[in-house]
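K.L.:
Just need the structure, nothing else, for what follows:
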Amino acid sequence: MPKIKVLVVDDHAIVRDGISALLALVPDIEVIGEASNGVEALKLVQERRPHVVLMDIAMPVMGGLEATRRISKDFSETKVLILTQYDDKEYVFPVIEAGACGFISKVGASSELVTGIRAVFQGDSYLSPIIARLLVEDYQRHGVRARDPYDQLTDREREILKLVAEGYTTQEIAGKLVITPKTVEGHKTNLMAKLGLHNRIELVKYALRKGIITV
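P.N.:
Numbering: from 1, shown residues only. Okay, the predicted model is just below:
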């Protein structure tokens, strides 16, 4: 029987090592690579085509939200399973909207990890019981969640949002994307209007909350 090929993505080596050691004991799962950020993850997904990616959210260079969105768009056969902290429920909806198939809590039982990997590999979704309870409680308090305005952004606007939040100037962004500074400013104005942001500080805070950038 073919093994489930898994890529482990986390910016902490000790977490990656622990997960890989655990999964090495499972006969139907094989860890085929490790990555410390979203950029490395995208490269390995392209090269090795894992069945499942275990994805952390907050990482340097490129966070899990953006990496999940790109994997879901460009490598739809690869399923993303998010590794999340107990108090990360504010990320659940954005990353599901980005294409994740489920969430595993880092403080949950190790058995959840194997169950979750098998579930998403088979085409199902999986929510750690801790995360599921948080979502139920959140729904009971707030009702149906409004659609995330981030979904309204174009791919170009998302690129510029990330670059602005990382501290690049209009001229530098124009050079990187091979467009005019005027075009950059136009996209920046549009994305800030869609997100309800009014200045660069609010933009940076938003990008941090969404996991688009990290400190």
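
K.L.:
what stretches of the chain score poorly on pLDDT?
P.N.:
86-91, 108-109, 135-147, 215 (pLDDT under 70).

K.L.:
For it, which segments count as helices?
P.N.:
Secondary structure of the chain, counting by DSSP state H: helices at 13-23, 38-48, 64-74, 92-98, 110-121, 129-142, 155-165, 170-177, 181-195, 200-210.

K.L.:
Look at the nearest residue to Leu163 once chain neighbours are set aside and say how many residues are nearby.
P.N.:
Closest residue to Leu163 apart from its sequence neighbours, by Cβ to Cβ, 6 or more residues apart in numbering: Ile173 at 4.8 Å. To be clear about C-beta, it is placed using only N, CA and C from the backbone, and glycine gets the same treatment. A count of nearby residues for Ile173, using other Cβ atoms under 10 Å, gives 22.

K.L.:
same check, this time on Asp151
P.N.:
Residues lying near Asp151 (other Cβ under 10 Å) number 10.

K.L.:
next one: Ile201
P.N.:
9.

K.L.:
Could you do the one 3 residues further on as well?
P.N.:
Around Val204 sit 18 other residues, with neighbours defined as other Cβ under 10 Å.

K.L.:
per the record, what domains does this protein have?
P.N.:
With domains defined by automatic domain parsing, the chain comprises 4-142, 149-210.

K.L.:
Determine which stretch of the helices of the chain is the most buried.
P.N.:
helix 64-74 (a mean of 22; mean count of other Cβ atoms under 10 Å).

K.L.:
so what does it touch, helix or strand wise?
P.N.:
helix 38-48, strand 52-56, strand 79-84, helix 92-98 (3 or more Cβ pairs under 8 Å, 6 or more residues apart in numbering; DSSP states H and E).

K.L.:
circling back: the residue nearest to Leu163 and His187, how far apart?
P.N.:
Using Cβ to Cβ, to the nearest Å, Ile173 is found at 9 Å from His187.

K.L.:
that older thread, out of the helices and strands packed on helix 64-74, flag the one nearest Thr180.
P.N.:
Nearest to Thr180 among those is helix 38-48 (26.5 Å), distances taken as Cβ to Cβ.

K.L.:
starting at the chain centroid, how far to the closest one?
P.N.:
Once both centres are worked out by Cα atoms, centre = their mean, to the nearest Å, helix 38-48 turns out to sit 13 Å from its chain's centre.

K.L.:
try stretch 114-131
P.N.:
Taking Cα atoms, centre = their mean, one finds stretch 114-131 lying 16 Å from the centre of the chain it belongs to.

K.L.:
could you dump it to PDB, C-alpha only?
P.N.:
The C-alpha coordinates for stretch 114-131 follow below in PDB (Å, rounded to 0.1, in the frame of the first residue of the first chain):
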ATOM      1  CA  VAL A 114      -2.100  10.800  12.500                       C
ATOM      2  CA  THR A 115      -5.900  10.900  12.400                       C
ATOM      3  CA  GLY A 116      -5.900  14.300  10.800                       C
ATOM      4  CA  ILE A 117      -3.300  13.400   8.100                       C
ATOM      5  CA  ARG A 118      -5.300  10.300   7.200                       C
ATOM      6  CA  ALA A 119      -8.600  12.200   7.000                       C
ATOM      7  CA  VAL A 120      -7.400  15.000   4.700                       C
ATOM      8  CA  PHE A 121      -5.500  12.500   2.500                       C
ATOM      9  CA  GLN A 122      -8.800  10.600   2.000                       C
ATOM     10  CA  GLY A 123     -10.500  13.900   1.000                       C
ATOM     11  CA  ASP A 124     -12.200  14.700   4.300                       C
ATOM     12  CA  SER A 125     -11.600  17.700   6.600                       C
ATOM     13  CA  TYR A 126     -10.400  17.500  10.200                       C
ATOM     14  CA  LEU A 127     -10.700  19.800  13.200                       C
ATOM     15  CA  SER A 128      -8.900  19.200  16.400                       C
ATOM     16  CA  PRO A 129     -11.500  18.900  19.200                       C
ATOM     17  CA  ILE A 130     -10.000  22.000  20.900                       C
ATOM     18  CA  ILE A 131     -10.400  24.000  17.800                       C
END
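
K.L.:
No further queries at this time; thank you.
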